[in-house]
Structure formats: C-alpha cells, structure tokens
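**Q** no FASTA, just this:
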C-alpha cells in the first residue's frame, strides 16, 4: 500500500509544480505545455483512483482537443513580447497570492478537521467485476439514471458548434481598430522571425511623430521596465 | 500514512484549484486566464473522482464526465469569443478591453 | 516483485526493441516496394540487396550537424521531436501478440497490458501525438513552418475523430473495449448460411473498415494526405528547420505510427493472431504487412489531395458516413438481440 501512496504523492507533486509553472511562465505557450503536463498527471491519478474511462476521456478531450485548440488560438493571436505584458501591478500580484495562501490555509484546516460522511455505494471492486468490468458498470449507471443529462449535454455541444461557426465567420468589411497602446514602444531587440540586418538610423522626428503625445521608451529587452508610466493619468484623462 | 487516504486527493484538488484561482487573478493575458479556468475545472473533477473512489460509487465519475463535456463546449465558445475580440481589438491584454463601448 | 509485473516489463522491452528494428527496416521495405512499382531497383549498393541501407541512413542522420535556428524557442525546439518519437511506440502496449506461452514454468502473457479501456488508450496516445507537430511548427521561428504545423495538426485532429467514431461499430458488436477480448471474439466462427467464416469484424463492418483505413492514412500524414509536409508545398511543413537526428525523430515517428496503426487495424478488423491453421504472432505479422504494403501502394499510386479537399472529405463525407454506420450497427445489434 505504501507504493500506492508514493506514486500518488509523486504524481500530485509533479501536477502541482507544473500548475505553478503555468501561472508564472512568461511565454503563454510554455504555460500551455505546463498545463499539458498537469493534465496528463491528473489522468494518471484518475487511473489510480480506479476511473480508467475518465482518464482516457480526460486525455482525449482535455489534452487532445481543448488544449490543442488553445494552442491554435495562441499561435494565431500571439503577439510580440512587449513590455506592457510584464507590467502587472504589484498590488494585483500581492493580493492574488495573499488570497491564495489564505484560502489554502483555510481549506487545509477544513480538510484536516472535518470528515465527509456518506453512504458507501455498491460499486467496489467486486461489484464492478460482477457488472462485467468498469466500462459496463459506467454504462449501466449512466444510461439508466442519467439519460436526461446526456441529452442536455448533447444539446449544449450542438449549441457550442453552432456558436463556433458563427463566431468564426470573417466580418464583412471591418477594419480592426487597434487598441491605442498606452506607451509607444519600439523593440530594438529583434523578435522571432526577423532577420539580422542592422537597423536603419531612426529619425528622431519620425519617431516622435509616431508616438504622438504618449511617452516614448526605447527598450532593448522586455525586462527593462515593468511599469507603464503615465497610465493612471491617462485613465483619468479618458474618463473626464 | 501507508494507505491512500481521502485527504490526499482533497489536498491535491484544493491546491490545483487555488493555483488556478491565483492565476486568474494575477495574469494579464486572456488566454492564460482561460487556461487557469480549465485548471480549476480539472481540480473539481479530481474532487469528484476521489469521492467516488472513497465511497465506492460511480456518480462522481459520471459527474466528472459531464463536467469535461461541458468544459469542452465552453472552451469552444470562449475561444471563439476571444478570437473575435482579438481580431477586432488586436490585443490580448485583458486590461485593454475594459470598456463596454469603444 | 510480482511475477506478472516483471514479465510485463520484460515483454515491453522486447516489443519496443522489435518495433524499433522493424521501423528501421520499414524504410528499406518502402523504398524497395516503391522502386518496384516505379520500375526501378531501389537501394542495392549498401550490403547485399541494399539490406544495410537503413544503417547507412542512420549513420548519416546521426552525424549531421545539429542546426538550431537563432531565434527559435530553444527548449520547445528540443522537446517537439522527442514528444513525437516517444509517444509513437507507447501505443503498442495494448496490442495482443498472442495468448500466453509457458516459459520456465511461468505463464507469460504475450501482451504488455490488458486494460479494459485498451482501444481508448490507443486513441488517447494518438491524440497526444499532435503536440509534436504543433510545437515543432511553432518552435522553428519560421512562419511557413508554423502554418504547416497548424495545417498538419488540424488534419490530424479531424481524422482522429473519424478514426475513433469508426471503431464504435466494432465496440457495439463486441461489447468490450479490451483488445484481448476483441481478438478472442474474432476467433469464433460466423455462420452465414452454408459458409463457415471466422468472425472477423471486417466482414461485419466493411464500411467502418474502409473509413478506418482512410482515417489511418490521414492520421499519420501519409500520402495522399501529406500536403502539409510535401516537399513541393511548404518545403517540409513543420519539420523544415530540423536537421540531423532531430529530423530523424520526426521521420521515424511517422513510420512507427504506421506500423502501430497497421497492427491495431489487423487486431481489430482482421482477427489479430487468428489464422486458419495455427494461431500465432506470424498471422498478425502477415496482416500488418498487408496494411503496410497498402500504405506504400497508396503513396506511389494516388495523387495528393489539396488541403481543403482533404478537410472537406473528413467533415462532409466521412463523418456522416461513419455516423450512419453507427446507427445501422446499433439497429442490427438490437434486432439480433431481439429487442426491437
């Protein structure tokens, strides 16, 4: 039995580390890969908890379809690594992490002091073997008591398909109105896909004109600054 | 502990859920927030399956199955909305899409 | 350790090594067969009848310079071919190569694992394989690789659906997802009037078999569905920027997937190790070889599909057909059970 606990601890440790990596990684595609790792470990944990069908469904649907879809969208709308993405306000970060730690302590206390009381059901290992296997037992329970949720889920999936078709239609002729970024940045460090030819001399007048009335910061690296100067003032201006 | 106790999977579920929640609160990229929501749904699934294992019932697994199906549908619509939004606004920063009117 | 577990591990190592050896000689087999169909000779210089050609290819690919594009995302660039190559042979863990043999007094099962969701496991590993393609295309820092990777991935996930749905008819008729169970059901006899035929699912599910075959060819990105990686289109698609042994990972992963899908098709539709004279692994090998020959035959004969024709085929033709097949199979089964 100790082997089971050891394997479970190992799998959950990897899942938690991967999830933490997902929320802290800068590149969203690295985050998606970390999430894939988490999901595969969760599927392995499902197998340990005697839910093999659900483990296979988790991998086929979640990692094999939903995350692939997210990766597709990430690659189609991925933007260059501009500095403003690292400008998360420190108050936001502290509040988020603080809330997380508080909640973790609370839930930990609840788990350790309370117990869940429930009637044990008939589907232990013998019961499942009697029904003919795991799939057969799930089939028995699913199609005798849960037919209405199945129909409702099928309807929801149909709606989702129609919605996707509708949302994915190209617009008739609308120019995208680009968001006016609060800071005009010119990236001097080449992003992926650019060639290595030397930059032409930047005309100071052109650059100033391009920036308009916004602050102009020339940064070589995404880490050079993390705050968006003047944003609070700009918001006040806009709301007036 | 020498046996697999319910506390094991309850802690795992809580930890993953809280990590997802912290991700939603702190990240600025719309797609990363979306991935954190999926992580929260998976954490809830672990809870369902764990309780089904503990009490020898299959109801938890069936609930988790429905959660996965609905999460897939929600992912499709959510990503459709995100794509339509980014096609229009040309940004994935969630702080830039704060106003209802342009 | 439990004797069963130990024998499973040892058998797994044996299967893996045999698969890797077969994969290398699959390239030789393909080149010889293609040559014969195109009225050429094929490799005949290295070794007798060219038998050392795969070894020569391997040495060449391993000693090439390892080029990584300057602006590529380095970690993902290294990860993508590994994902493809590692996930490909893992699906062979559920294929039954026979019943069980007696070795030194122990019963050794001729399969690595007999899980009761074996076919779903196979589909799950197949659906994880799409990550190697997407990440390979993305990490190459090349717009054309990215496009090729996305197209390839969209093709793979569309045909994966068709692959899975075409198997549902077989599951309805057999009542189980376990491959060992499906093979044992196919060794019974089917009485069709005066004929005594083996109960192979190709006879009870011909439409599903054809659809499975088409989906299997598209799933492994083989001709005629290989537009995303054809040389005249996007140069190499997602593996343009890879060279040396990383390219060989992608290349060999494709061949291993071909072999494994052929083994799987032989197991589900043609009865696996079932044969007229004596049941055994050789029958499985012959049936898988027929499928592999069919793959190569398609490659040399049929022209390439355009990408929109390919996707239209999946969604507008094969999907309705496979759903009709499921419906019909369900009705026939209920009628057979007397429940209509």
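**A** Noted; the coordinates are in hand. Here the structure is a predicted model, which means the values were calculated and not measured.
**Q** Break down the chain into its strands, ranges please.
**A** Picking chain A for this. All strands of chain A, identified by DSSP state E, fall at A:184-187, A:216-219.
**Q** ah, no, chain C please
**A** For chain C, applying DSSP E gives strands covering C:100-103, C:106-109, C:189-192, C:195-198.
**Q** Could you tell me the average pLDDT over the third one, please?
**A** If you average the pLDDT over strand C:189-192, you get 75.
**Q** From the contact counts, what lies against that strand?
**A** In terms of contacts (3 or more Cβ pairs under 8 Å, 6 or more residues apart in numbering or on different chains; DSSP states H and E), strand C:189-192 is packed against strand C:195-198. Heads up, the C-betas are built off the backbone N, CA and C, glycines and all.
**Q** Neighbouring strands - and their directions - for the strand it packs on?
**A** Sheet pairing of strand C:195-198 (DSSP bridges) gives strand C:189-192 (antiparallel).
**Q** Just give the number of residues close to residue C:104.
**A** 5 (other Cβ atoms under 10 Å in any protein chain shown).
**Q** And for residue C:31?
**A** Residue C:31 has 18 nearby residues by other Cβ under 10 Å.
**Q** Residue A:25 too?
**A** 16.
**Q** what's the answer for residue C:165, then?
**A** Using other Cβ under 10 Å: residue C:165 sits among 20 other residues.
**Q** For residue C:204, see how far away it is.
**A** From residue C:165 over to residue C:204 the distance is 17 Å, taken as Cβ to Cβ, to the nearest Å.
**Q** Would you mind listing what in the stretch 101-250 of chain C touches chain B?
**A** Taking Cβ under 8 Å from any Cβ of the partner chain, no part of the stretch 101-250 of chain C reaches chain B.
**Q** and the residue of the stretch 101-250 of chain C found nearest chain A, what does it touch?
**A** Closest residue of the stretch 101-250 of chain C to chain A, Cβ to the nearest Cβ: residue C:127 (3.0 Å). Neighbour list for residue C:127: A:59-60, A:63-65, C:157, C:160 [criterion: Cβ atoms under 8 Å, 6 or more residues apart in numbering or on different chains].
**Q** cool, residue B:75 as well?
**A** Residue B:75 makes contacts with A:66, A:69-70, B:34, B:38, as judged by Cβ under 8 Å, 6+ apart.
**Q** Hmm, residue C:292 and residue C:29 touching each other?
**A** Yes. Contact status for residue C:29 versus residue C:292: in contact at 7.1 Å, counting by Cβ atoms under 8 Å.
**Q** which one of the two has more residues nearby?
**A** residue C:292 (22 against 17).
**Q** Does the more buried one touch residue C:25 like I think?
**A** No. Between residue C:292 and residue C:25 there is no contact under Cβ under 8 Å: 10.9 Å.
**Q** for the strands of chain C, which one ends up most surrounded?
**A** Ranked by mean neighbour count under mean count of other Cβ atoms under 10 Å in any protein chain shown, these are led by strand C:106-109, which reaches a mean of 15.
**Q** Quickly run through the sheet partners of that one, with directions.
**A** Sheet pairing for strand C:106-109, assigned by DSSP bridges, gives strand C:100-103 (antiparallel).
**Q** Low-confidence regions, the stretch 151-300 of chain C specifically.
**A** C:229-236 (pLDDT under 70).
**Q** For it, list the residues in contact with chain A, please.
**A** Close to chain A, as judged by Cβ under 8 Å from any Cβ, the stretch 151-300 of chain C has residues C:153-154, C:157, C:160, C:164, C:175-178.
**Q** Please list only the buried members of these.
**A** C:153-154, C:157, C:160, C:164, C:176-178 (16 or more other Cβ atoms under 10 Å in any protein chain shown).
**Q** Quickly name whichever of these is closest to chain B.
**A** Among those, and counting by Cβ to the nearest Cβ, the member closest to chain B is residue C:157, at 12.8 Å.
**Q** Okay, residue C:183 and residue C:82: tell me how far apart.
**A** Taken as Cβ to Cβ, the span from residue C:183 to residue C:82 is 32 Å.
**Q** Just the pLDDT at residue C:77, thanks.
**A** 89.
**Q** just the helices in chain A please.
**A** For chain A, helices defined by DSSP state H occupy the ranges A:2-24, A:28-48, A:52-57, A:67-77, A:90-113, A:125-131, A:134-145, A:147-167, A:204-211, A:231-239.
**Q** Residue C:106 contacts residue C:7, correct?
**A** Yes. Contact status for residue C:106 versus residue C:7: in contact at 6.5 Å, counting by Cβ under 8 Å.
**Q** coming back round to it: weakest of the strands of chain A in terms of mean pLDDT?
**A** Looking at the strands of chain A, the weakest mean confidence is strand A:184-187, a mean of 54.
**Q** ok, residue C:14 - how many residues close by?
**A** 12.
**Q** isn't residue A:60 right next to residue C:125, touching?
**A** No. Between residue A:60 and residue C:125 there is no contact under Cβ under 8 Å: 9.7 Å.
**Q** Between those two, which contacts overlap?
**A** Overlap of the contact sets of residue A:60 and residue C:125 (by Cβ under 8 Å, 6+ apart) is empty.
**Q** got the contact list for the nearest residue in space to residue C:261 that is not next to it in sequence?
**A** In space, and not counting its chain neighbours, residue C:261 is closest to residue C:216: 4.6 Å by Cβ to Cβ, 6 or more residues apart in numbering or on different chains. Applying Cβ under 8 Å, 6+ apart, we find residue C:216 in contact with C:163, C:261-262, C:265.
**Q** which residue ranges form the helices in chain B?
**A** Using DSSP H, the helices of chain B run over B:6-26, B:30-54, B:59-89.
**Q** For residue C:276, find the nearest of the ones you listed.
**A** Smallest distance to residue C:276 across the helices of chain B (Cβ to Cβ): 42.4 Å, for helix B:59-89.
**Q** in chain C, which residue is closest to the centre?
**A** Computing the C-alpha centroid of chain C and ranking residues by Cα atoms, centre = their mean puts residue C:261 first, at 2.3 Å.
**Q** Relative to residue C:156, how far out is it?
**A** Distance, residue C:261 to residue C:156, using Cβ to Cβ: 12 Å.
**Q** Pull up the overlap in contacts between those two.
**A** Residues touching both residue C:261 and residue C:156 (Cβ under 8 Å, 6+ apart) are residue C:219.
**Q** Which stretches in the stretch 1-150 of chain C count as helices?
**A** Assigned by DSSP state H, counting those that start in this stretch, the helices in the stretch 1-150 of chain C fall at C:3-37, C:53-62, C:74-90, C:118-128, C:130-139, C:143-174.
**Q** Of these, which is nearest residue B:53?
**A** Smallest distance to residue B:53 across the helices of the stretch 1-150 of chain C (Cβ to Cβ): 19.3 Å, for helix C:118-128.
**Q** Give the rounded mean pLDDT of the closest one.
**A** Rounded mean pLDDT across helix C:118-128 is 93.
**Q** Now do it against helix A:67-77, angle only.
**A** 10 degrees (axes from the mean of the first three to the mean of the last three Cα atoms, to 10 degrees).
**Q** so helix C:118-128 versus helix A:134-145, what angle?
**A** Using the same axes, to 10 degrees: helix C:118-128 against helix A:134-145 is 90 degrees.
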